[in-house]
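Peer 1: quick one, structure for this:
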Amino acid sequence: LEETIHTGMDPRTIGLEEHEIVELVKCYIQDKRNRVNGKFRLVSYQVRRLSEEPVGYLGDHYLLDVNLREKMVHYTPEEEENYAEEEYISFFLKVIPENVPKLAEYIKEMGCFRKEILLYKHVIPRLQDVMIGTKPFVPTAYFTKDERMIVFENLKTEGYSIVEGTKNLLDFEHLKVALQAVAKLHASSLILEERSKTAIPKIFVGYLNENAYVDNDDHVRKVNLENAIQVLCEMIKRIDEYASSDKLDEILRKVPDLVRKIYDYSKPSSVYRNVLNHGDLWCNNVMFRYEMIPTTVEGCIDSEGHLVEGRKASTDREEQAEAAEADTDVTAKHPFVPNGERRRRKRSSIKKPNPCEVLNLGNWSAPGGARPSSCILIDFQIARYAPPAYDVLSLLTSTTTRAFRKRYLEELLDAYYDALQAELDWFQRDIREVFSNGFESYRASCDQYQLAGLVDSVLYRHVTMLPMELVARCREEHRLPGTVGSQFQIGPQSAKMDICLEAWTQFDEYRHFMTDMLSDLVDKYILKV
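Peer 2: Numbering: from 1, shown residues only. Okay, here's the model as predicted:
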């Protein structure tokens, strides 16, 4: 989500009318200001593209800038202009890319927008109510239109940002904070079920129907998966270690059935407790907020970049316990401009804040830098009902390298368990209600779903990790990127010409990432080395 400096457009060009802007601003003011009858006058508004390059695969993204003025009793419009308070509010819009008909058709068939809209209108507000009073873990949607548009708060104005410049990888501290948000999501669905005495899929019938891994020959996602298998096998043939191996034929024979196991993994489990899963946890779907590391503290970072004992980032529940004993001034920690900044100055002299202004992170791990303090999960287009381990292993696989997982996976799995336990303890619930034998059952589920996390990551990331110039070219040619680009099952010759193989040949970063992930899959589950 890069800084935008693009020319503003009339919101009607993307199908957003003025009365709808009024409606969503009212919802925002009611939510953020707790003013049900707050009256205001729109001063100006515009939409801007988030970026000239595509920043997402299943939607177009815009910012909506709104300037408004509070209505004052017994004041004329001219007097209001001189004396009334004025606010600037920024919203984030996700819209079906109707200028790319094939992509729009694909999104509609997959049901991405329909699912996300249903979740943000009906499910997520219930989960937010469960977790009221804690750090946010999901964004708030203030307006939806048909099955083609969602308007959210702009999280950047609240200090959240996506990690950039790390080759789509996350470090230990970011992952630990992200797992706390994942634990909140899972715990909120568990508590909602407990209070409702009903499973989530029965409360919200049809909302979580599987739309990513559909084992139906007539469904576009079945075609996608079979095409992906062909392309992944072509990649494996190009990995030196396997290309010259007498095991190559065995590998290529076993990969398809190994990948197809995802159909069973994505279903609700009959063995482990299921929760609402995000379903697409990778670096672009987790946004972080930061706090400064005091420069006067020496030795707060160890040689591996971790906070040493005494400087560990506290959990949300620990902070709540501390807040009960003493009030804490948290505003000094976050030097950013929030939405709704109010000014008692004449409109012409108001300097509009930059909606994309965020803390310059620099080196996160360096003393005097910044560390992640909270995380929000975004993009619920392929959410499902499955065991917690599915989400956890997908996140920890798609955002790390094989070497990193070998060193830190156990510790991070423990971190999630501790975070979930803390959330459930807050509601006086025993974690054994989720995992029958406590930690032992949890780790058994992680062992079972480790393959799910790896297959899930391979299937998504071989497309989402494509270099932006290739994705942009596909859009210019009005076609879908990679293995989602064909409505028909491709053969070996077509697979060799897939754009993912082009990326493999031309872009070292893409090739190294996919080699690392595919090698883990082959070595661990086929060669068993």
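Peer 1: in this structure, where is pLDDT below threshold?
Peer 2: In the predicted model, the chain carries pLDDT under 70 at residues 1-7, 34-38, 52-57, 72-74, 83, 294-315, 318-368, 478, 481-495.
Peer 1: strands of that one, residue ranges please.
Peer 2: 40-49, 60-70, 86-95, 141-145, 149-153, 275-277, 286-292, 341-343, 370-377, 384-386 (DSSP state E).
Peer 1: C-alpha coordinates for the third one, CSV please?
Peer 2: The C-alpha atoms that make up strand 86-95 are tabulated as CSV, following Å, rounded to 0.1, in the frame of the first residue of the first chain:
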residue,chain,number,x,y,z
GLU,A,86,-13.8,20.9,9.9
GLU,A,87,-12.6,17.3,9.7
TYR,A,88,-10.7,15.3,7.1
ILE,A,89,-11.5,11.6,6.9
SER,A,90,-10.0,9.0,4.7
PHE,A,91,-11.6,5.7,3.7
PHE,A,92,-10.2,2.7,1.9
LEU,A,93,-12.3,1.2,-1.0
LYS,A,94,-12.2,-2.3,-2.5
VAL,A,95,-14.1,-2.6,-5.8
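Peer 1: what strands flank it, and is each parallel or antiparallel?
Peer 2: For strand 86-95, the paired strands and their directions (DSSP bridges) are strand 60-70 (antiparallel), strand 149-153 (antiparallel), strand 341-343 (antiparallel).
Peer 1: give the buried residues for it.
Peer 2: Within strand 86-95, the residues that count as buried by 16 or more other CB atoms under 10 Å are Glu86, Glu87, Tyr88, Ile89, Ser90, Phe91, Phe92, Leu93, Lys94, Val95. To be clear about C-beta, it is placed using only N, CA and C from the backbone, and glycine gets the same treatment.
Peer 1: with distance to Met514 added, can I get those in a markdown table?
Peer 2: Shown next, in a markdown table, are the buried residues of strand 86-95 (distance: CB to CB, whole Å):
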| residue | distance to Met514 |
| --- | --- |
| Glu86 | 50 |
| Glu87 | 47 |
| Tyr88 | 43 |
| Ile89 | 41 |
| Ser90 | 36 |
| Phe91 | 36 |
| Phe92 | 30 |
| Leu93 | 32 |
| Lys94 | 28 |
| Val95 | 30 |
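Peer 1: out of those, who's nearest Leu119?
Peer 2: Lys94 (12.9 Å; CB to CB).
Peer 1: looking at it, Ser269 is touching Ala386, isn't it?
Peer 2: Yes. With contact defined as CB atoms under 8 Å, Ser269 reaches Ala386; the gap is 6.5 Å.
Peer 1: comparing the two, which residue is more hemmed in?
Peer 2: Ala386 (24 against 17; other CB atoms under 10 Å).
Peer 1: how much space separates Ala472 from Ser51?
Peer 2: Counting by CB to CB, to the nearest Å, the separation of Ala472 from Ser51 is 10 Å.
Peer 1: if you could redo that for Ala183, that was the one I meant.
Peer 2: 31 Å.
Peer 1: more neighbours: these two, which one.
Peer 2: Set Ala183 next to Ser51 and count neighbours by other CB under 10 Å: Ala183 wins out with 27 against 16.
Peer 1: for burial, what's the neighbour tally of the nearest residue to the more buried one once chain neighbours are set aside?
Peer 2: With CB to CB, 6 or more residues apart in numbering as the criterion, Ala183 has its nearest non-adjacent residue at 3.7 Å, and that residue is Ala419. Counted with other CB under 10 Å, the neighbours of Ala419 add up to 23.
Peer 1: Ala419 against Leu185, yeah?
Peer 2: No. Judged on CB under 8 Å, Ala419 makes no contact with Leu185 at a distance of 10.8 Å.
Peer 1: pull the contacting residues for Ala503.
Peer 2: Going by CB atoms under 8 Å, 6 or more residues apart in numbering, Ala503 touches Leu466, Pro467, Leu470, Tyr510, Arg511.
Peer 1: just the buried ones from the residues you listed?
Peer 2: For these, a burial check counting by 16+ other CB under 10 Å picks out Leu466, Leu470, Tyr510, Arg511.
Peer 1: from Cys375, how far out is the third one?
Peer 2: Applying CB to CB, one obtains 26 Å for the distance of Tyr510 from Cys375.
Peer 1: could you do Lys496 as well?
Peer 2: Per CB to CB, Lys496 is found 40 Å from Cys375.
Peer 1: who has more neighbours, those two?
Peer 2: Between Lys496 and Cys375, counting by other CB under 10 Å, Cys375 is the more crowded of the two (23 against 13).
Peer 1: in the sheet, who's paired with the more buried one?
Peer 2: Phe288.
Peer 1: just the closest of the buried residues of strand 86-95 to Lys237, please.
Peer 2: Among those, and counting by CB to CB, the member closest to Lys237 is Lys94, at 37.7 Å.
Peer 1: so who does that closest one touch?
Peer 2: By CB under 8 Å, 6+ apart, the neighbours of Lys94 are Gly56, Gly59, Asp60, His61, Glu116, Met149, Ile150, Phe152.
Peer 1: 7 Å instead?
Peer 2: Lys94 makes contact with Gly59, His61, Ile150, according to CB atoms under 7 Å, 6 or more residues apart in numbering.
Peer 1: do Arg126 as well
Peer 2: Per CB under 7 Å, 6+ apart, neighbours of Arg126: Leu192.
Peer 1: try Gly279
Peer 2: Contacts of Gly279 by CB under 7 Å, 6+ apart are Ala212, Ile382, Ala383, Arg384.
Peer 1: can you report how many residues neighbour Thr400?
Peer 2: With other CB under 10 Å as criterion, Thr400 counts 24.
Peer 1: repeat for Arg12
Peer 2: There are 11 residues near Arg12, going by other CB under 10 Å.
Peer 1: same deal with Leu119?
Peer 2: 21.
Peer 1: I figured it hits Tyr385, correct?
Peer 2: No. Checked against CB atoms under 7 Å, the pair Leu119 and Tyr385 is beyond contact range at 11.9 Å.
Peer 1: Met465 against Asn168, yeah?
Peer 2: Yes. Contact criterion CB under 7 Å: Met465 and Asn168 qualify, at 6.3 Å.
Peer 1: okay, those two: which has more neighbours?
Peer 2: Set Met465 next to Asn168 and count neighbours by other CB under 10 Å: Met465 wins out with 22 against 18.
Peer 1: what residues are up against the more buried one?
Peer 2: Contacts of Met465 (CB under 7 Å, 6+ apart): Asn168, Tyr510, Phe513.
Peer 1: show only the entries of these found in helices.
Peer 2: If you go by DSSP state H, the contacts of Met465 have Tyr510, Phe513 in helices.
Peer 1: sorry, back to before: my guess is the residue nearest to Ala183 contacts Val177. True?
Peer 2: No. Applying CB under 7 Å, one finds Ala419 not in contact with Val177, separated by 9.5 Å.
Peer 1: re earlier: which one of the contacts of Met465 sits closest to Phe137?
Peer 2: Using CB to CB, the shortest approach to Phe137 within the contacts of Met465 belongs to Asn168, at 21.7 Å.
Peer 1: contacting residues around the closest one?
Peer 2: Neighbours of Asn168 in contact, by CB under 7 Å, 6+ apart: Cys283, Met465.
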